[in-house]
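Asker: What follows is a predicted structure for the sequence shown.
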There are 2 protein chains.
Amino acid sequence: MARAATTSDAFNAVAEPRRREILNFIALQERPVGEIVDSLGMEQPSVSKHLRVLLEVGLVNVRRDGRRMLYRTNAEAIRPLHEWTETFARYWRHQLSRVKERAEGKSNPSNDSERDFIPRRKDDYGGSKN
Amino acid sequence: MARAATTSDAFNAVAEPRRREILNFIALQERPVGEIVDSLGMEQPSVSKHLRVLLEVGLVNVRRDGRRMLYRTNAEAIRPLHEWTETFARYWRHQLSRVKERAEGKSNPSNDSERDFIPRRKDDYGGSKN
DNA sequence: AAATCATATTCCTATATGGGTATATGTCAA
DNA sequence: TTGACATATACCCATATAGGAATATGATTT
């Protein structure tokens, strides 16, 4: 199976940086496609395609105004994301104590097996051999 | 260009539902891979690969304990996500007023060009002609 | 050293992009 | 109706999965 479709849910849709930019841009006020194109410096077809994805997952709403299409962020659809991340907030909010311990030099990091670096892989994954 | 790598940032990494499950599971306490495999009912190689992605973007930490590897969520890495979504919170928190208007039948949705449905495409995108 | 347990990596493949470019569709103006 | 303007789709392609199966790597025990 390949990666899930970008249109499968809000999580996948906002994984694309450009789409987040768009959402930020049209959060306050609805905007026609052309304005997004000019302001964010993206190609028009690209913007239309991103908007399509955002529309499919409900992250934006559209309204026609003459020949223009006015898009606007539907913040409500971002809520699930916010709520998921919120469940982790308590952890970093509690981390003040850890910072304190560190400042006091309570433990030596190089003394235990704590590890954060990522070991290199022999082959850089791109699978294709023969 | 294809889609950005899942390891490009936290947004892409958590787009995969399975990875979010893992993060939830090892948020409170570090766990060995085998336990994740059993508890979440995923294949062992699959779990290892997901953990690798999470590790690369800093969403988890590892520690060796004998032959086992103990993983744990690094909540701090989820913070950027939380903060991005937080910028939209003010919008849905302000929407109470809209709900009120609706309840009062202030406007008829079917009367303006407001639209939320997604028009069908002729071809379902899967590009291949001849 | 050999056997065993715990994880990581390799290889393969179907699938879904996202960017360009060209073109279709839709709407308003002359 | 024809032309101009605004957006959406169609096509093509290079790239990165995620899952499954098989195997490699590491560490511990006998």
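Answerer: Cool, the structure landed.
Asker: Quick check: which ranges of chain A have low pLDDT?
Answerer: Residue ranges of chain A with pLDDT under 70: A:95-130.
Asker: Taking it, what residue is nearest to DNA strand C?
Answerer: When distances are taken as CB to the nearest atom of the strand, chain A reaches nearest to DNA strand C at residue A:2, 2.6 Å away. For the C-beta atoms, the positions are set from N, CA and C on the backbone; glycine is no exception.
Asker: Give me the three-state assignment for residue A:5.
Answerer: Following DSSP: H, G, I helix; E, B strand; the rest coil, the label given to residue A:5 is coil.
Asker: now the nearest residue in space to it that is not next to it in sequence: how far from residue B:88?
Answerer: Residue nearest to residue A:5 in three dimensions, not counting chain neighbours: residue A:12, with 6.8 Å by CB to CB, 6 or more residues apart in numbering or on different chains. Using CB to CB, to the nearest Å, residue A:12 is found at 17 Å from residue B:88.
Asker: where do the strands sit along chain A?
Answerer: A:31-32, A:60-65, A:68-73, A:114-115 (DSSP state E).
Asker: out of these, nearest to residue A:16?
Answerer: With respect to residue A:16, and counting by CB to CB, the nearest of these is strand A:60-65 at 13.5 Å.
Asker: Which elements pack onto the longest helix anywhere in chain A?
Answerer: The single longest helix within chain A, with elements called by DSSP state H, is helix A:79-93. For helix A:79-93, the helices and strands in contact under the criterion 3 or more CB pairs under 8 Å, 6 or more residues apart in numbering or on different chains; DSSP states H and E are helix A:10-13, helix B:17-25, helix B:79-93.
Asker: As JSON lines, those helices with mean neighbour count and distance to DNA strand D would be great.
Answerer: As requested, those are arranged in JSON lines below (neighbours: other CB atoms under 10 Å in any protein chain shown; distance: least, CB to the nearest atom of the strand, whole Å):
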{"stretch": "helix A:10-13", "mean neighbour count": "23", "distance to DNA strand D": "9"}
{"stretch": "helix B:17-25", "mean neighbour count": "18", "distance to DNA strand D": "5"}
{"stretch": "helix B:79-93", "mean neighbour count": "16", "distance to DNA strand D": "16"}
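Asker: I'd guessed the residue nearest to residue A:5 sits against residue A:6; true?
Answerer: Yes - between residue A:12 and residue A:6 there is a contact under CB atoms under 8 Å: 4.9 Å.
Asker: Near DNA strand D, which residues of chain A are found?
Answerer: Taking CB under 7 Å from any atom of the strand as the contact definition, chain A meets DNA strand D at A:1-4, A:32-34, A:37, A:44-45, A:47-49, A:51-52, A:62, A:67-69, A:125-127.
Asker: what about residue A:55, distance to residue A:77?
Answerer: When distances are taken as CB to CB, residue A:55 and residue A:77 turn out to be 10 Å apart.
Asker: no no, residue A:61
Answerer: 10 Å.
Asker: From what I see, residue A:53 and residue A:9 are in contact.
Answerer: No - using CB under 8 Å, residue A:53 and residue A:9 do not qualify as a contacting pair, with a distance of 11.1 Å.
Asker: The residue of chain A closest to DNA strand C: neighbouring residues, count only.
Answerer: The tally of other residues near residue A:2 (other CB atoms under 10 Å in any protein chain shown) stands at 5.
Asker: possible to save the helices and strands packed on helix A:79-93 as TSV with distance to residue B:73?
Answerer: What follows is the helices and strands packed on helix A:79-93, written out as TSV (distance: least, CB to CB, whole Å):
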stretch	distance to residue B:73
helix A:10-13	17
helix B:17-25	5
helix B:79-93	12
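Asker: circling back to that earlier point, shared neighbours, residue A:53 and residue A:9?
Answerer: For the pair residue A:53 and residue A:9, no residue contacts each of them under the criterion CB atoms under 8 Å, 6 or more residues apart in numbering or on different chains.
Asker: Please consider this matter closed, and thank you.
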